[in-house]
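Student: Let's see this in three dimensions:
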Amino acid sequence: MKKIAATLSIPLILAACAQFQNPDSGEPVADRPTQHSVSDVVSCLTEQAQKHNAPFKTTSIPQGEMLDFGDSNIVKVRTDNGATQYRFYAGTRHVDNLWLESASKTCAP
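Tutor: Purely as a prediction, here's the structure:
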């Protein structure tokens, strides 16, 4: 009986560990160049955030802007070697911030 219980508990333990692991941590989900300027992309993201009632904080970074949408969801827009680069770092995902996943297609095509 103990062997059966131990065998059945292994998938539950692995599922619990996977729940707390964020495979995207530290690596950008979206890393794409765009023809739009930093200010155009930031203003588009600001409009999108207002449509979704999403609070955020904007911080200046070298050669661009960083938008922090909370729960470790970060968007960095900066100019590298004359090209504008859009980087989205995914944090905790929930229904309120899923729009961030597709914001690069809208704001930085």
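Student: ok, residue 32 - contacts?
Tutor: 85-86, 104, 108 (Cβ atoms under 8 Å, 6 or more residues apart in numbering). Glycine gets a C-beta too; all of them are placed from N, C-alpha and C.
Student: Would you mind measuring from it to residue 77?
Tutor: 11 Å (Cβ to Cβ, to the nearest Å).
Student: and if you look at residue 42?
Tutor: 6 Å.
Student: overlap in contacts of these two?
Tutor: 65, 67.
Student: Which stretches in the protein count as helices?
Tutor: Applying DSSP state H to the chain gives helices spanning 2-20, 38-51, 99-107.
Student: Can you add distance to residue 58 and mean neighbour count and give those back as TSV?
Tutor: Below are the helices of the chain laid out as TSV (distance: least, Cβ to Cβ, whole Å; neighbours: other Cβ atoms under 10 Å):
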stretch	distance to residue 58	mean neighbour count
helix 2-20	30	9
helix 38-51	7	16
helix 99-107	14	17
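Student: would JSON lines of those helices with distance to residue 65 and mean pLDDT be doable?
Tutor: Output for the helices of the chain, formatted as JSON lines (distance: least, Cβ to Cβ, whole Å; pLDDT from 0 to 100):
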{"stretch": "helix 2-20", "distance to residue 65": "31", "mean pLDDT": "70"}
{"stretch": "helix 38-51", "distance to residue 65": "5", "mean pLDDT": "95"}
{"stretch": "helix 99-107", "distance to residue 65": "12", "mean pLDDT": "88"}
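Student: right, and these - which one's nearest residue 67?
Tutor: Across the helices of the chain, residue 67 has its closest neighbour in helix 38-51 (5.8 Å, Cβ to Cβ).
Student: neighbouring contacts of the closest one?
Tutor: So helix 38-51 is contacted by 34, 36, 54-56, 58, 63-65, 67, 69, 75, 77-79, 84, 86, 99, 103, 106-108 (Cβ under 8 Å, 6+ apart).
Student: got a pLDDT number for the residue positioned nearest the centre of the chain?
Tutor: Central residue check for the chain by Cα atoms, centre = their mean: the C-alpha nearest the mean position is that of residue 90, 2.6 Å away. On the pLDDT scale, residue 90 is placed at 87.
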